[in-house]
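[1] Build me a structure from this.
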Amino acid sequence: MNLSFAALSLAAVLACSPAQAHSGPFDTSFGDGGVRNYGFQPAAGQAGDSARAGCPGPGNTFVVIGAASGGSRIVTLRLKPDGSLDPAFSDDGKESFAFVADYASHAPAVCLPQGDAVIVSSVTAPSGEQNLRLVKVGRDTGLPVASFGNGGVVDLDLDLYIAGLDKAEAPVGLNVLDNGDLVVTGYVSTPIQPTAGFAALLDATGQVRAAKIVDCWIASTAIESPQGALWVFGTDGFDGCRLTVNRATLAPTARLVGAEAQVESLVPGAARTVRGDTVAMAATMTTAGVSGVQGALVVFRGNSISTMALPVIDSRSFLRSGISYPAVQILPGGRVLYGSSATHIASGQALGMYFALARIGRSAAEDRLDAAFGGGGAQPAYWQPATPNCGPDAPRQWLSRMTQWLGRPAFVGKADAACLGTNASEDYLVGRVETNYLFGDGLD
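    Sure, this is the predicted structure:
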């Protein structure tokens, strides 16, 4: 256990009082009805905790890493399958170290094959100028991995690699390639483009190999293509966008864009390979004649793109983009689980989560919602603590990332556990989803 962690009284306060009314497709063998929150005492006058990454750990554990104390520290938890802290990790199940980055902004993360995690955040100066900061956290220690960058941290100023940038540098995605290289994707601003996609390539030690503006409005994911090139996914603002770029230099060689006439805006989230050259990307969209923001799965097959609109279930299942981006997990039989923060249409607050399950076929004509999931293929979800301030309403809550754990999708994010309406009352939120598709046997 980090001694400075104890000295600053940043010990975890496991705010896991009995739930009032959790609702959703949760695996009830985890936590309190499938979800659990983990809060920490303030440090140096700062409060607010947001989980960024969850990675499978040794012995069926789950390692959760995030920003704590308002973005002034990284806190790592190691959880047992039931959601309790694993005391075999750092004496008490948690570890901490100082790390300064923007707290409220989206901070994508990736689990590396050996179990360590990398998180990339924006760091905003008083002038509004932004840079990126990456940190690699050891699975077994909860501390920075010294062989990465400078003592586990890489400060990446895209202005050093891309001429003519304005202030914004915002990460949306972070992916690891087969050789251990990392690709950061997101958007920057220029004097003539308020939003322009970018990709940055780093090797496994954190050395920057290339960084370029790419011809997508926002870039959200990078995946190696079956031919050995690199695909960068995102949107052009209205349609799905896939760029083929050189694996070493990021120089573009091809561009594929969809043609959805009714879509008024399309914001990309995470993308994952379903099979071969078929990739499913989560997105949020607005369409002509439909109020609010709804979910979508953008499916890339070979040289074609199709978009599947996801149903709006009720007034609390409209979606959000910008603070958190939608996530996907690939399940057996070509099934794709979509997860996102959800917004109450009347208040505009993120008061829940939204999940949808679709089967992605060999052609767009075969794509369909899995009607057995939630009744119609989509289901809202709400974590609700027995906190007096919350009353009958669910608190603000956000889903940040999904991954596989114990054969099921697990998610991490944050929630306003005390219902005070401020960042300072936010806790880590961790949950596990039950889809009834347990084993990834590769059969399709």
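
[2] So, low pLDDT: which residues of this structure?
    1-21, 314-323, 344-348, 437-444 (pLDDT under 70).

[3] Just give me the longest strand of it.
    strand 263-275 (DSSP state E).

[4] what sits up against stretch 66-75?
    Under the criterion CB atoms under 8 Å, 6 or more residues apart in numbering, residues 5, 10, 12, 40, 42-44, 46-53, 65, 94-104, 107, 119, 121, 135, 137, 412, 414, 423-424, 428 lie in contact with stretch 66-75. Where you see a C-beta, it was placed from the backbone N, CA and C, and this is true even at glycine.

[5] For the closest residue to residue 155 other than its chain neighbours, pull up the helix or strand it's in.
    What sits nearest to residue 155 in space, not counting adjacent residues and going by CB to CB, 6 or more residues apart in numbering, is residue 133, at 5.5 Å. Secondary structure assignment for residue 133, by DSSP states H and E: strand 130-137.

[6] tell me which strands and helices that strand is in contact with?
    For strand 130-137, the contact count by 3 or more CB pairs under 8 Å, 6 or more residues apart in numbering; DSSP states H and E identifies strand 73-79, strand 117-124, strand 153-156, strand 169-176, strand 182-188 as packing neighbours.

[7] Including mean neighbour count, could those go into JSON lines?
    Formatted as JSON lines, those follow (neighbours: other CB atoms under 10 Å):
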{"stretch": "strand 73-79", "mean neighbour count": "26"}
{"stretch": "strand 117-124", "mean neighbour count": "23"}
{"stretch": "strand 153-156", "mean neighbour count": "18"}
{"stretch": "strand 169-176", "mean neighbour count": "24"}
{"stretch": "strand 182-188", "mean neighbour count": "25"}
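
[8] Of the ones you listed, which is nearest residue 25?
    Relative to residue 25, the nearest member of the helices and strands packed on strand 130-137 by CB to CB is strand 73-79, separated by 19.7 Å.

[9] from the chain's centre, how far out does that closest one sit?
    17 Å (CA atoms, centre = their mean, to the nearest Å).

[10] any idea which helix or strand comes after the helix or strand encompassing residue 340?
    Assigned by DSSP H and E, residue 340 belongs to strand 335-343. Next in sequence after strand 335-343, counting helices and strands by DSSP H and E, comes strand 352-359.

[11] List the buried residues of stretch 340-358.
    Neighbour counts over stretch 340-358 (16 or more other CB atoms under 10 Å) mark 340-344, 349-358 as buried.

[12] Tell me what the nearest residue to residue 240 once chain neighbours are set aside is bridged to.
    The spatial neighbour of residue 240 that comes closest, neighbours along the chain excluded (CB to CB, 6+ apart), is residue 298 at 4.0 Å. Applying DSSP bridges to residue 298 gives these bridge partners: residue 281, residue 307.

[13] just residue 55 next, same as before
    Bridge pairing for residue 55 - DSSP bridges - gives residue 63.

[14] again with residue 211
    residue 200.

[15] residues near it, how many?
    Applying other CB atoms under 10 Å, we find 21 residues neighbouring residue 211.

[16] doesn't residue 162 make contact with it?
    Yes. With contact defined as CB atoms under 8 Å, residue 211 counts as touching residue 162 (5.9 Å).

[17] Please enumerate the shared neighbours of these two.
    Counting by CB under 8 Å, 6+ apart, the common neighbours of residue 211 and residue 162 are residue 198.

[18] where exactly do the helices run in this protein?
    For the chain, the helices defined by DSSP state H occupy 3-7.

[19] Setting the sequence-adjacent residues aside, check what's closest to residue 107.
    Of all residues not flanking residue 107 in the chain, residue 121 sits nearest, at 4.2 Å (CB to CB, 6+ apart).

[20] Repeat that for residue 28.
    Of all residues not flanking residue 28 in the chain, residue 34 sits nearest, at 5.0 Å (CB to CB, 6+ apart).

[21] thinking the one you found is in contact with residue 82, fair?
    No. Contact criterion CB under 8 Å: residue 34 and residue 82 do not qualify, at 11.0 Å.

[22] Same drill for those two, tell me which one is more crowded.
    residue 34 (23 against 9).

[23] Just checking the distance from the strand holding residue 133 to the centre of its chain.
    15 Å.

[24] contact partners of that strand?
    65, 74, 76, 99, 101, 116-125, 143-145, 148-149, 152-158, 167-171, 182, 184, 200, 202, 206.

[25] One more pass at 7 Å, please.
    65, 74, 76, 99, 101, 116-124, 144-145, 148-149, 152-158, 167-171, 184, 206 (CB atoms under 7 Å, 6 or more residues apart in numbering).

[26] Then stretch 298-312?
    239-240, 242, 256, 258, 260, 263, 277-281, 283, 294-297, 318, 338, 356, 358, 360, 364, 367, 376-378.

[27] Count the neighbours of the residue nearest to residue 155 for me.
    So residue 133, with other CB under 10 Å, has 21 neighbours.

[28] what's across from it in the sheet?
    Assigned bridge partners for residue 133, using DSSP bridges, are residue 121, residue 155.

[29] For it, give its distance to residue 353.
    27 Å (CB to CB, to the nearest Å).
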